[in-house]
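**Q** here is a sequence together with a model predicted from it:
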Amino acid sequence: MSHKAYSQDGALCNESLPSPGIGLALIAKTKGIKATVVMPKGQTIEKEKMVSLYGAELILVDAVPFANQNHFYHSARRMAEDEPSKYWWAKQFENLANFRAHYQETGPEIWQQTDGKIDAFVSSAGTGGTLGGVSKFLKEKNAKIKTILVDPDGSGLYSYMKTGQFVSKGSSITEGIGIMRLVANFREAVLDDAYQIPDQELVTISRHVRDHDGLLLGSSSALNLAAAYRLAKEMGPGKCIVAVACDLGERSASKLYNDEFLAEKGLTVSGISLG
């Protein structure tokens, strides 16, 4: 999840959770633009290092609720407001270019690669652009395709889908996904249902596909795959279910693939089975 700010005179400010911050730091480097990324503390050290490796300045702020004016969103927004001649703020949560990119590109790509025979699409939401764009495109192609939000514990989107209210319960080791407010990109999503996936399920499936398929997934990808697996069991054999592999395991090494860290969180890493 991120909000970004570019300047016309060679500076960029990005309010971000990890992955979009890394992507924007990369773009800034290729364009010769100075980048500043504002990120909440507590993300994996690997993601922090990636931002710095691309030459961006990294500002870490306390991880606080959105209502707190020291939240990373507001911290970066103030930078752009205080120095408008230096920074441009892209507002990714509300900027529908995010939604349009997935509506115009990702959705059609999925439709083409599945020959239109897709039965379901599952995805978590960071800014909500992937879920919004893909779900809307697929539903326009075939209203019978199931589109499902995947939410980790600690996010309020699952509650919003079920009750219309943003209520958060628990917490998650995942990063960069889950929202506690209704943002423009997510508003575009056309959804049938929502799953809330506990961390143990994504830990289990991350180990399974690593050990059996040679796939080293990041926590967001593992969450999406866990939801796809749950849906596959409900729908039965012979169905085409698409999930998004949006991050790789090297960025989750210090958490998802750190057995000591997982044990501290009460998560099991030995003797696990998909059942």
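**A** Ah, there it is. Residues are numbered from 1 along each chain as shown.
**Q** any idea how far apart the tips of stretch 184-201 sit?
**A** Stretch 184-201 has an end-to-end distance of 29 Å (C-alpha to C-alpha, to the nearest Å).
**Q** go on, stretch 99-107?
**A** When the termini of stretch 99-107 are compared using C-alpha to C-alpha, they are 10 Å apart.
**Q** show me the contact partners of it.
**A** 128-130, 132-134, 136-138, 184-185, 188 (C-beta atoms under 8 Å, 6 or more residues apart in numbering). No exception for glycine: its C-beta is placed from N, CA and C like everyone else's.
**Q** hmm, try it at 7 Å
**A** Stretch 99-107 is contacted by residues 129-130, 132-134, 136-138, 185, 188 when judged by C-beta atoms under 7 Å, 6 or more residues apart in numbering.
**Q** farthest-separated two in those?
**A** For the contacts of stretch 99-107, the maximum inter-member distance is 16.2 Å, found between 138 and 185 (C-beta to C-beta).
**Q** quick one: secondary structure of residue 200?
**A** Here residue 200 is recorded as helix under DSSP: H, G, I helix; E, B strand; the rest coil.
**Q** pLDDT weak spots in the chain?
**A** Scanning the chain for pLDDT under 70 picks out 1-20, 90, 270-275.
**Q** quick one, helices of it?
**A** Using DSSP state H, the helices of the chain run over 18-31, 45-53, 72-82, 97-101, 107-113, 129-141, 157-163, 184-187, 199-213, 219-235, 259-264.
**Q** quick one, which of those helices is nearest to residue 250?
**A** Closest among the helices of the chain, using C-beta to C-beta: helix 45-53, at 6.4 Å.
**Q** before we move on, the earlier item: just so I know, which of the helices of the chain lies nearest residue 252?
**A** helix 219-235 (4.9 Å).
**Q** now the closest one, how far from the centre of its chain.
**A** 15 Å (C-alpha atoms, centre = their mean, to the nearest Å).
**Q** switch to numbering from 56
**A** Right, with 56 as the first residue, what we last looked at is helix 274-290.
**Q** check which helices and strands it sits against.
**A** If you count contacts as 3 or more C-beta pairs under 7 Å, 6 or more residues apart in numbering; DSSP states H and E, helix 274-290 packs onto strand 175-179, strand 201-207, strand 248-252, helix 254-268, strand 296-298.
**Q** buried residues in the third one?
**A** Neighbour-count burial for strand 248-252 flags 249-252 (criterion: 16 or more other C-beta atoms under 10 Å).
**Q** going by distance to residue 100, which of these wins?
**A** For the buried residues of strand 248-252, the nearest to residue 100 is residue 252 (24.5 Å; C-beta to C-beta).
**Q** show me the contacts for the spatially closest residue to the closest one that is not a sequence neighbour.
**A** In space, and not counting its chain neighbours, residue 252 is closest to residue 281: 5.0 Å by C-beta to C-beta, 6 or more residues apart in numbering. By C-beta under 7 Å, 6+ apart, residue 281 lies in contact with 252, 256-257, 260.
**Q** one more time with 10 Å, if that's ok
**A** Residue 281 makes contacts with 177, 205, 207, 250, 252-261, 263, 272, 298, 329, as judged by C-beta atoms under 10 Å, 6 or more residues apart in numbering.
**Q** now these: which count as buried?
**A** 177, 205, 207, 250, 252, 254-261, 263, 272, 298.
**Q** TSV for the helices and strands packed on helix 274-290, including distance to residue 321?
**A** Formatted as TSV, the helices and strands packed on helix 274-290 follow (distance: least, C-beta to C-beta, whole Å):
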stretch	distance to residue 321
strand 175-179	22
strand 201-207	15
strand 248-252	16
helix 254-268	9
strand 296-298	26
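**Q** how about these, which one is nearest residue 98?
**A** For residue 98, the closest of the helices and strands packed on helix 274-290 is strand 201-207, at 14.5 Å, according to C-beta to C-beta.
**Q** which helices and strands does the closest one pack with?
**A** strand 175-179, helix 184-196, helix 212-218, strand 248-252, helix 254-268, helix 274-290, strand 296-298 (3 or more C-beta pairs under 10 Å, 6 or more residues apart in numbering; DSSP states H and E).
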